[in-house]
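Trainee: the sequence and its predicted three-dimensional model are supplied below.
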Amino acid sequence: MGSMTNPLLSASELPFALPDYATITADHVREAAETGMREQLAELEEIATDTAPATAENVLHAWELSGATLDRTMAAFWVARAAHSTPERDAVWKALSPQLAAHGDTILLHRGLYERLRALAARADRGEVELDEQDTYALHRRLTDYERGGITLDEADQQRLRDLNSALATLAVEFEQVLTAGRNAAAVHVTDERQLAGLSPDEKATLRSAAQDRELDGWLVPIVNTSGQPLLDVLEDRGLRERIYRASVGRGLSGDHDTRDLLVRLARLRAERASLLGYRDHAAYAHEITCAQTTDAVNDLLSRLAPGVVEIAEREAEAHRRRLEAIEPGATLEPWDWQFLAAQDAAENSFDTDRLKPYLEFERVLRDGVFAAATALYGITFHERPELVGYTDQTRVFEVREEDGTTLGAVLIDPYTRPTKKGGAWMTSLVRQSQLTGDLPVVTNTCNVPPPAPGSPSLMTWSNVITLFHEFGHDLHGLLSDVRYPSRSGTAVPRDFVEFPSQVNEIWAWEPSLLARYARHHETGEPLPPEWVDALVASRQETGYHTLELLKAMLLDQAWHQTPLEELPEDGSGVEAFEAAALERAGVAFPLVPPRYRSAYFAHIFAGGYSAGYYSYLWSEVMDADTVAWFRDNGSMSRAAGERFRRQLLGRGGSIEAMDTYRQFRGADPDVSHLLTRLGLGADEPA
Ligand SMILES: [Zn+2]
């Protein structure tokens, strides 16, 4: 494929600099990435060898402007591959991952570049050059990257570091590929319709077409990422529930899709890298650049919650045992019964959120819910541009405008599950906002809402609604960014901070005035009955089950990354014992509630960027709960409150220390008591 025809080698001419997905091939990506790496190295070499006195312009600005081809290519590719992976894209990713890791090392081990950064810092210290707070922070971050990247190691250790990084990159890709294949293979085939009791005709139709897609008769129950499976809420047949549960939690433990050796090698190589760089373990290395800052701080938060959460889960288990006894006398409560009994309990005693489905039509939720909340808070409006296409024809492009009509950026919405999409939901940046480049932000919102059966409306579950609001919170962080440096734009904040704006955005889903607009019956247009709204708000209390499954996954992540190399399993056969011992030690063994992800399918930490960082969701939630309390006291979903949150916090992105944006917005450090109350643990719970 010749460069003349490669659209990735020059800036896109399409509106919003959208990648020209209609013409981009896997070969284009490969060629443009390789060209982009060479271009960037040449551009950085110029910075390193510049003999002029170091300034913000000739060091920091020039650095940010380098690598445009590479950034453009990888942003376009990453978005497409995650949401629509093909064998060609997978092959390109597998080939590029080690090359990109090596490229990153070449930059971070480049002495001349490091000296140039130090020269700028020294000039700033001497007052020879003036750096404002964004320059100062960008410089600090680049210097930190160098120190963490091994610049001070001798040559032999630097080579070892390069080898480790390249091996880690390759293993992470392999883990993900085996995992995805294993998830698809774990789907449960059902041939006897009686076993599907409890499902609606629509749900059955979806399973039927999943079976047809694989040329099977009967029905196919797909397995989602988490240990818990959505259909376990409703399936009445205990045998089928058990099959689904075992298919889910048994992933990665045997056969063609065994991930255990891969994850052990990842954990061991990470431990080795950490000690090479002078850290006690990988967790210490990872935590250093987060809001938590230390492993002790992370462990403190997790261990503070553990006993109380287990106690709540034990109370829930007691209630489920009584209910099961009434249905099937003498039966023992098993993990595959929990979700079903909890849903029954909710239906009778509180609120069965499934009843909401006819009121949660996707288009209405999007426009009159998610978009409308953003308009009420931030003044921005959304305008579909049907002539623009994303990476598949199911991806819709919306232009985002300011209150005065000027264009702010764009968001791509891609709600529905397809076999080529990764599980879960996520946001990405196709183009990062920057005053330096003048680029407007372009973000994506990718969910896994089951596609509607042909001819039917797309009715959402309540949890899918919350996910849509959540991911849109990340989108807003990207869209409302107003910073100089693209590398510090929007969501470029520590991992334990980045979930906080998205968690805050979830609260608007519950806002009664907004519910009245977006939750309307898809046939009659009737709003939700007021008593349902009350019940929904009342049902908001997190269950012990949910907090415990999260906590267990967080503790597993810490165990894999805080255990010294010599105590880690030597190969995959030690994974299950290691996992059991870690949970036991933390006091959360409680086998009725599985970790949200078991090690063998924990993509966040073994394939994604969350190693030693899965606790971040909880850390972010401390700020989330504190901010929700602030909104409650400051006009709730109002333009004035939104404006403050936008200007002091969202708009600052990662351009200065994240916790400083928080303190400026809130006027104080976050108060953990709001989270404890939310989790039912009470602010006075002993530490
Ligand atoms: Zn998130």
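Mentor: Received it, and whenever you're ready, just let me know what you need. The structure presented is a predicted model; accordingly, all values stated were derived computationally and were not measured.
Trainee: give the contact list for the residue of the chain found nearest the ion.
Mentor: Going by Cβ to the ion, the ion is nearest to Ser502 of the chain, at 4.3 Å. All C-beta atoms are positioned from the backbone trio N, CA, C, and that covers glycine. Ser502 makes contact with Met427, His470, Glu471, Phe472, Gly473, His474, His477, according to Cβ atoms under 8 Å, 6 or more residues apart in numbering.
Trainee: now Leu8
Mentor: For Leu8, the contacting residues are Pro19, Ile24, His28, Val29, Glu31, Ala32, Thr69, Arg72, Thr73, Ala76, by Cβ under 8 Å, 6+ apart.
Trainee: if you set the cut-off to 10 Å instead, what comes out?
Mentor: Residues in contact with Leu8 (Cβ atoms under 10 Å, 6 or more residues apart in numbering) are 19-20, 23-25, 28-33, 35-36, 69-70, 72-74, 76-77.
Trainee: again with Pro386
Mentor: Contacts of Pro386 (Cβ under 10 Å, 6+ apart): Arg396, Val397, Phe398.
Trainee: measure it to Thr395 for me?
Mentor: Distance, Pro386 to Thr395, using Cβ to Cβ, to the nearest Å: 12 Å.
Trainee: can you tell me the helix or strand for the residue of the chain closest to the ion?
Mentor: Ser502 is part of helix 495-506 when elements are defined by DSSP states H and E.
Trainee: what average pLDDT does that helix get?
Mentor: Taken as a whole, helix 495-506 has a mean pLDDT of 95.
Trainee: need the next SSE after it, C-terminal direction.
Mentor: Following helix 495-506 in sequence, per DSSP H and E, is helix 512-518.
Trainee: for that following helix, give me every contacting residue.
Mentor: With Cβ under 10 Å, 6+ apart, helix 512-518 has contacts from 356, 359-361, 363-373, 376, 465, 469, 508-509, 511, 527-528, 530, 532-534, 536-537, 636-637.
Trainee: taking those residues, please make a ChimeraX selection of just the buried ones.
Mentor: ChimeraX command restricting these to the buried ones, with burial defined by 16 or more other Cβ atoms under 10 Å:
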select :356,359,360,361,364,365,366,368,369,370,371,372,373,376,465,469,508,509,511,527,528,532,533,536,636,637
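Trainee: restricted to helices, list the contacts of helix 512-518.
Mentor: 363-364, 372-373, 376, 465, 469, 530, 532-534, 536-537 (DSSP state H).
Trainee: tell me the least confident of those?
Mentor: Within the set of the ones in helices among the contacts of helix 512-518, pLDDT is lowest for Val537 (80).
Trainee: widest-spaced pair of the contacts of Ser502?
Mentor: Distances among those were taken as Cβ to Cβ; the most separated pair is His470 and His477, at 11.5 Å.
Trainee: find the residues that touch each one of these two.
Mentor: Met427, Pro501, Ser502, Asn505.
Trainee: can you put those residues in a markdown table and add distance to Gln212?
Mentor: Shown next, in a markdown table, are those (distance: Cβ to Cβ, whole Å):
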| residue | distance to Gln212 |
| --- | --- |
| Met427 | 32 |
| Pro501 | 41 |
| Ser502 | 36 |
| Asn505 | 37 |
